[in-house]
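In: Provided below for reference: sequence and predicted model.
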Amino acid sequence: GAVVSQHPSRVICKSGTSVKIECRSLDFQATTMFWYRQFPKKSLMLMATSNEGSKATYEQGVEKDKFLINHASLTLSTLTVTSAHPEDSSFYICSADYTFGSGTRLTVV
Amino acid sequence: GENVEQHPSTLSVQEGDSAVIKCTYSDSASNYFPWYKQELGKRPQLIIDIRSNVGEKKDQRIAVTLNKTAKHFSLHITETQPEDSAVYFCAASKVAGNQFYFGTGTSLTVIP
């Protein structure tokens, strides 16, 4: 079956810095990938759709300048949380082809 | 956009009993409905799915039913076991888009 790899699994960063999260499709090509955010004991909220070779499509209420998405190849999408704040602390998870990555626990201190 | 509601938020059953989780969706264009199981700190795992041209699907102890007219679908787990304890999410999507809108989750506890 499809395998999606996400890195890093955990990251702690200081307020004001930027953090990049990678999502890779290991055994298939993904023209589209999806980024979700999950708060503790809450559901997964779709943040944006990452489109290979074009701009990402953001869900209502998600700041595109805050959460930069790049999908430069058919196997890699990146999410960069810019100028991170403590309220950005969350579990970020990507998906492609109905398969989820392992998630990234971001803590902003 | 799509709005998926899920009930109950928590569910406790005795081992061996059945568990039922229900979801409703709002967008009649949605035609793919997966169910995911998420254990603490882990990624969601697809356990079963159903497409809108099917009313019911079963895989061993797990079954899903879909009422397209009423826009609701349900997950049924029979002969529950302690290892079934987890959070379960329903989702709805349009197959072509492949983006999911999730329900709020159900925390299932199976009591030995």
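Out: Okay, I see it. Computed from a predicted structure; not experimentally measured.

In: quick one: A:T57 and A:A48 touch, right?
Out: Yes. If you go by Cβ atoms under 8 Å, A:T57 and A:A48 touch, sitting 6.2 Å apart. Heads up, the C-betas are built off the backbone N, CA and C, glycines and all.

In: Name the residue in these two with the higher neighbour count.
Out: Set A:T57 next to A:A48 and count neighbours by other Cβ atoms under 10 Å in any protein chain shown: A:A48 wins out with 23 against 16.

In: which residues do A:T57 and A:A48 both contact?
Out: Common contacts of A:T57 and A:A48, defined by Cβ atoms under 8 Å, 6 or more residues apart in numbering or on different chains, are absent altogether.

In: Show me what from chain A comes close to chain B.
Out: Contacts of chain A with chain B, taken as Cβ under 8 Å from any Cβ of the partner chain, map to A:32, A:34, A:36, A:41-46, A:49, A:59-60, A:93, A:95, A:97-103.

In: Give me the buried entries from the residues you listed.
Out: The neighbour-count test (16 or more other Cβ atoms under 10 Å in any protein chain shown) marks A:32, A:34, A:36, A:43-46, A:49, A:59, A:93, A:95, A:97-103 as buried among those.

In: Just those: which are in strands?
Out: A:T32, A:F34, A:Y36, A:L44, A:M45, A:L46, A:T49, A:I93, A:S95, A:T99, A:F100 (DSSP state E).

In: Can you name the element that comes right after the lowest-mean-pLDDT helix or strand in chain A?
Out: When the helices and strands of chain A are scored by mean pLDDT, DSSP states H and E, strand A:99-100 comes last with a mean of 88. Reading on from strand A:99-100 to the C-terminus, the next helix or strand found by DSSP states H and E is strand A:104-108.

In: Give the buried residues for that next one.
Out: By neighbour count with 16+ other Cβ under 10 Å, strand A:104-108 contains the buried residues A:T104, A:R105, A:L106, A:V108.
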